[in-house]
Structures are given as structure tokens and as C-alpha cells.
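Chemist: 3D model of this:
(2 chains)
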Amino acid sequence: MTIMSKTYNFVGLNNFKQLFSDDFFIKSVLNTWKIWLMNFIPQLGIAMLLAVWFMNNRLKIKFVGLWRTVYYLPNLLMPVAIAALFYNLFSRYGPVNQIAVRAGILEEAFDFFRSPGWTQSIVAFIQWWMWFGVTILYLMAGMSSISPSYYEAALVDGASSWDMFTKITLPLLKPVLIYVLVTSLAGGMQMFDIPYLLTDGRGSPNGSIMTMSVLMYMKFSSGKGFIGAGASVAVMIFIITAISASIIIRLLREKE
Amino acid sequence: MSYTIKTKLTKTFIYIFLVILFLITIVPVWILLINATRSTPEIQQGVSLLPSNNLLNNWKYLTGKGANIWRGFINSALISIPATLLTVHFSMMTAYAIQVYDFAYKKILYNIIILLTIIPTQMASIIGFYKYMSMLNLLNSYIPLIIPAIAAPPMVFFASQYLESTLVKDLIESARIEGASEIGIFHRIILPIAKPGAFTMGILSFVASWNNFFTPFMLISKVEKYTLPMMVKLLRGDMYRTEYGAIYLGLAITVIPIIIVYAMFSKYIISGISLGSVKD
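Modeler: Got it, this is the predicted structure:
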């Protein structure tokens, strides 16, 4: 039964039941979460660090405009091109291997794309590379609306930098943090372009970068017409995103 | 340790960190551009930070294989330009209505729009959409890629935040007294004022549409209608398997226009994004 047939079987929630016992689905959920977390935690950490440094009046970092402009650049490049580029960079005869062998770090060329762990890390790195610049911009925008008088009063009271960060900056950044968390989560759960285009579209090696979207596409495009299964994966992406987002919002919301 | 020495050490450490991040960000792009000018044997021999002279040969190989990159450019432009205009215009209009008018269920509707931003593309634009477009006989057409751009929840949110901080209601009042129509007010007074925000929205929408791989990939199967991202995917196929120089050149061509535009407008783009994301 393909997507174009006029008849269909109404199977109720059967597709969903099958999903939960499908190893590939469970694997794709784990992959999606793992890669997103590997990307997002450093992303938020580094972006926060940079935002704090840039906004700090005492440090007076120069060339802030230059840094922000450069760090945002990867976000504008075509993911298709980025995937092709990094595939070449990390391939057996690519620059990374060449430099590593010449510098003596590796004895011989290492096939990154045969190793599930490395391939996942490369995907996470690419996602980080593309998005950390935007996160810096959002965090700085949020910080710029915090009145400096809070910090001045805290300084007079003898607060340390760490105290000021945890007790003034973080709480007042909550709306921006929620926004960044939820949008990154939604994007992360839907991750398709890089995992699909980096290797062969099936999540190689060994299905390690098969995210939920890649699985959905595989089901959708397979000749056997697993349309129902594919559609249910899509719905699961939504449900997982919605539940996680509401947990995040509930946890972080201001208590009125 | 004295205060100034500590600060100086911290600053040095910070600058080193910033430079390392700078290199991590730029080096892949730089290698891409450099390799587009080198020949395949040169590339396989080693990394170089300086360009070589094989540009013309790579170009000949790239265009000689029958994949028409220019067609891809034109197709992408045919989709992205109308889509961007529609998105900016209608999102601004929606945000304007939310900021200026009061109507029943306004808050609920606005919250629904925000909720719509987390609906996955997979759910909204793929499976059901494919069948829908197929029934309407609109596969391999650009219409399903352009018209839906009218409804862009993230852009409505952005425009709403932006208008909240730039709109002056008195201006509208006085225009009404002068007898201007509501639509006239929007087009002739508010839009000119909101130009910076509209410009940012325009850039963001354009880049998103230009770089979009998934939706055209789902809907288009005729090669002459391929968008630019789809052509880039072809670069990794058998035609160009080992001609690394040509592959890099193809990638570089898709990336250079964006870099040039960005270099010209980076100030506006960066400040626009910051403006549209401030929550009070």
C-alpha cells in the first residue's frame, strides 16, 4: 500500500505499538538525543561563557563585533555543502587525517566514518559549529536587558563574580534560556540534513547517525510503502518534542 | 596577585580562547575555498592554506559533466525570492494585528502561533503534504514551495517582538484622524518604520529558503527543476566521485554568494537578530 493508493486500512494505534517494539526506532530515538545533547551542552556552555565575557564591563574585550560576526557565519552556509565539506575533511585521505599522520598523532589514516562513536561526534560537532554563534547572539541580547544597577548593588555588597552570575544573570535570563532550549530541542529532534547527507543516507556506520527523521525518511521512501510507520515516526517526533518542551518550561518558569 | 595582573591574565586567556574558536570556525571554510583552486592530486597530497592555479580546470570539469549549476541557482532564486517577500509581508501584517488590535481570543491565537513553531517539518510538510500536493497535481511545481511561506510562525514571533519595541501608537492614531485606511496605515506608515526588522526577517527567511534541502527534495523529482541544494547533493554522486577539485569548486560556488552578502550586511544582520530576540 503506497501513499497514493485510494484505499487504506484503518489500524488505529497499531503503527505506534509496532514502533515501540521496533529496535530501529528505539535506536533512532537514542541517537537523536545523544547527538543533540553532545551538541547542545557545549554549545550553551561556550555561548554563555562568551556572552558573559563580551558583556563584562571590567574586562573590556575588544573586537566583539568581529568575533560575533565570524562565529555566526557557519549558520548561513548550506547544510548540504557543510555535510559534503566535512565528509571530505574527515575522509581517509582528507586534511584531518593528513595533518594527524604528519604530526605524528596517528600512525596511519583513521577511517572516521567506520567508527559509530566518531561519526556521531562529527555530526554533533557540525551541529555545534553551525549554531553556537546564534546562541551567543540570543544570550547577549537577553543579558543586555538586565539593568547594570543590579550588578553595581551586588558589587557594593561584596558579591563574587560567580554569585553575580548565578543569582542575578541566570534568573533574569530565564525567558531567553527557555527560548533557546526549546528551539534547540525542537531543531535537534528534527535533525535530518547533516545525518542524512554526511554518510550514505541510512545512518552509517551501523545506523549510528540514524536520527528519527532519517528513519522516517527511510520508511517513507522504501519501496514497500511503510507510509503508516513513517507517519507515526513523525508524530512521535512531535510528541517527544512537545513533552520535553513542556517539562523545560515548567521547570524554568518564573514562580509568580 | 594584584587585581590588574589577574585581569590581564584572564584577558590573555580569553583572547587565546577567542582566537582558537575563530580558527575552528573559519578553517573549514578556508580549506573549502582553497581546495576549489587546487587539482585533485594536489589535494590528495596535503593540506595547503594558499590557493593554487587549477581553478579553470576544475571549472571545466564541473560544468562539463552535464549538471547545470546555473539552472540550480535560477531555480533556487525562483523559489526563495517570492517566498521571502511573502513571509516578510504577511508575518509583519500578522504581528502588526497582534500588537495594535484587540480582538476576541487574541491571546489564545497568539499562543497557538507560538506553539506551531515546534511542530516538526516532518509532520507538517512531508508525508501528508506530499499526498495532498500529489492529489492537487502540484508535484514538481514550485507552488507548494512558495505559497506556504505566507504562514511562518517563527517570523510572526520575531516580528511581534520587534514591533513591540518599535511601534509608536500615537503615529497610528494621528493617521486614522487624517482619514487613512487601516491597510493604508500598515503599508505606508508602519512598514517604512519597520524596515530594519523587515530586512533582518528578509535575510533570515531568504537564507532558510535558499539552504532548504528537505522540502524540495521531497516534492521535486525532475532534474531540470532541482534547487541548488539538490544539485550539491549530486556533487557527491558517481559523476564526481574522485574529482575532488571540482567537488570543492561546486561547494564553493554555493557558499560564496552568501559569504559576500554577509560581509556586506553583517552589521545589520547581527544587530537585527539581537533586536528581535529581546524579551522584556
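Chemist: who touches stretch B:134-146?
Modeler: Stretch B:134-146 is contacted from outside by A:3-4, B:75, B:78-79, B:82-83, B:86, B:129-130, B:133, B:215-216, B:219-222, B:225, using Cβ atoms under 8 Å, 6 or more residues apart in numbering or on different chains. C-beta here means a position set from N, CA and C on the backbone, and glycine is covered the same way.
Chemist: do that again at 6 Å, thanks
Modeler: Contacts with stretch B:134-146, where a contact means Cβ atoms under 6 Å, 6 or more residues apart in numbering or on different chains, come from B:79, B:82-83, B:133, B:219-220, B:222, B:225.
Chemist: distance check, the residue nearest to the spatial centre of chain B against B:S141.
Modeler: For chain B, the residue nearest the mean C-alpha position is B:V207 (1.6 Å; Cα atoms, centre = their mean). B:V207 sits 23 Å away from B:S141, going by Cβ to Cβ, to the nearest Å.
Chemist: then A:L106?
Modeler: Distance, A:L106 to B:S141, by Cβ to Cβ: 50 Å.
Chemist: domain parsing for chain B?
Modeler: Under the assignment automatic domain parsing, the domains of chain B span B:3-62, B:67-234.
Chemist: quick one: low-confidence parts of the stretch 151-280 of chain B?
Modeler: Applying pLDDT under 70 to the stretch 151-280 of chain B picks out residues B:238-241, B:276-280.
Chemist: deepest in the core, which of the domains of chain B is it.
Modeler: domain B:67-234 (a mean of 17; mean count of other Cβ atoms under 10 Å in any protein chain shown).
Chemist: report the distance from it to the chain centre.
Modeler: 12 Å (Cα atoms, centre = their mean, to the nearest Å).
Chemist: please apply the same query to stretch A:26-43.
Modeler: Distance of stretch A:26-43 from the chain centroid (Cα atoms, centre = their mean) equals 7 Å.
Chemist: repeat for stretch A:62-73
Modeler: Relative to its chain's centre, stretch A:62-73 lies at 21 Å (Cα atoms, centre = their mean).
Chemist: mind listing what's buried along that stretch?
Modeler: By neighbour count, with 16 or more other Cβ atoms under 10 Å in any protein chain shown as the criterion, the buried positions of stretch A:62-73 are A:67-73.
Chemist: return only those of the contacts of stretch B:134-146 found close to chain A.
Modeler: Among these, none lies close to chain A by the criterion of Cβ under 6 Å from any Cβ of the partner chain.
Chemist: which one of those is nearest A:P175?
Modeler: B:A83 (29.8 Å; Cβ to Cβ).
Chemist: what's the burial count for A:F125?
Modeler: Using other Cβ atoms under 10 Å in any protein chain shown, A:F125 is surrounded by 18 other residues.
Chemist: for B:D170, see how far away it is.
Modeler: In this structure, A:F125 and B:D170 are 51 Å apart, going by Cβ to Cβ.
Chemist: just put the buried residues of stretch A:62-73 in a markdown table and tack on distance to A:S184.
Modeler: Putting these into a markdown table (distance: Cβ to Cβ, whole Å) gives the following:
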| residue | distance to A:S184 |
| --- | --- |
| A:W67 | 21 |
| A:R68 | 19 |
| A:T69 | 21 |
| A:V70 | 21 |
| A:Y71 | 16 |
| A:Y72 | 16 |
| A:L73 | 19 |
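Chemist: of the residues you listed, which is the nearest to chain B?
Modeler: Of all those, A:T69 has the smallest distance to chain B: 4.6 Å, by Cβ to the nearest Cβ.
Chemist: ok, so what distance separates that closest one from B:F22?
Modeler: The gap separating A:T69 from B:F22 is 10 Å, by Cβ to Cβ.
Chemist: what mean pLDDT does stretch A:181-193 get?
Modeler: If you average the pLDDT over stretch A:181-193, you get 91.
Chemist: and it, which residues are buried?
Modeler: Neighbour-count burial for stretch A:181-193 flags A:181-193 (criterion: 16+ other Cβ under 10 Å).
Chemist: then that stretch to CSV, C-alphas only?
Modeler: This file holds the C-alpha atoms of stretch A:181-193, laid out as CSV (Å, rounded to 0.1, in the frame of the first residue of the first chain):
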residue,chain,number,x,y,z
LEU,A,181,16.4,25.5,25.0
VAL,A,182,13.0,24.9,23.3
THR,A,183,14.1,26.0,19.9
SER,A,184,17.3,24.0,20.0
LEU,A,185,15.4,21.0,21.3
ALA,A,186,12.8,21.2,18.5
GLY,A,187,15.5,21.6,15.9
GLY,A,188,17.5,18.8,17.4
MET,A,189,14.7,16.3,17.4
GLN,A,190,14.1,17.0,13.8
MET,A,191,17.8,16.8,12.8
PHE,A,192,17.9,15.5,9.2
ASP,A,193,20.1,17.3,6.8
